[in-house]
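Novice: mind looking at a prediction? Sequence and model below.
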Amino acid sequence: MISTKGRYALRVMVDLASQDAGHFVPLDEIAERQGISKKYLEIILKTLVEKKLLKGMRGKGGGYRLTRRPEEYTAGEILELAEGTLASVACLRAGAEPCERRERCSTLPMWERFDRMVHDFFYGITLAELAAEGTDAVP
């Protein structure tokens, strides 16, 4: 399940993709448009800046902006950054301890196929596409 952190990160990125790329957008404006508390938004934005998806600038004229063109981001990249993983089961998470049942697990192929579908779905959607659909397209 995608948490509010992942959904909000995606909404923020779509919001910024819809703005003039040439200037920084203040935190207050993003929070108001998206209906997200500034305190929670700061946590999300900090992660996005640390991972170089956004550039932040303090002071007058400051705020946030994308570091790349909207076509160069995918929903999957943003969600995985915010969520940590999109793996459906613990044994398929990156860095997971090898499962002792792996060789005889009859459901593992199903989970692997499901995870591939989820990956392909989210990595097949760009930020530009979401921004073009409007902010109502993102829950």
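Specialist: Received, thanks.

Novice: ranges for the strands of this structure?
Specialist: For the chain, the strands defined by DSSP state E occupy 54-57, 63-66.

Novice: reformat these as JSON lines; add mean neighbour count.
Specialist: All C-beta atoms are positioned from the backbone trio N, CA, C, and that covers glycine. Formatted as JSON lines, the strands of the chain follow (neighbours: other CB atoms under 10 Å):
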{"stretch": "strand 54-57", "mean neighbour count": "16"}
{"stretch": "strand 63-66", "mean neighbour count": "20"}
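
Novice: go through these and name the closest to Q19.
Specialist: With CB to CB, the closest approach to Q19 among the strands of the chain belongs to strand 63-66: 7.7 Å.

Novice: would you put the C-alpha positions of that closest one in PDB?
Specialist: Presented in PDB, the C-alpha positions along strand 63-66 are these (Å, rounded to 0.1, in the frame of the first residue of the first chain):
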ATOM      1  CA  GLY A  63      11.300  27.800  -2.400                       C
ATOM      2  CA  TYR A  64      11.600  24.600  -4.500                       C
ATOM      3  CA  ARG A  65      11.900  23.600  -8.100                       C
ATOM      4  CA  LEU A  66      12.500  20.500 -10.200                       C
END
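
Novice: chain center to that strand, what's the gap?
Specialist: The chain centre lies 15 Å from the centre of strand 63-66; the measure is CA atoms, centre = their mean, to the nearest Å.

Novice: next one: stretch 25-42
Specialist: Relative to its chain's centre, stretch 25-42 lies at 16 Å (CA atoms, centre = their mean).
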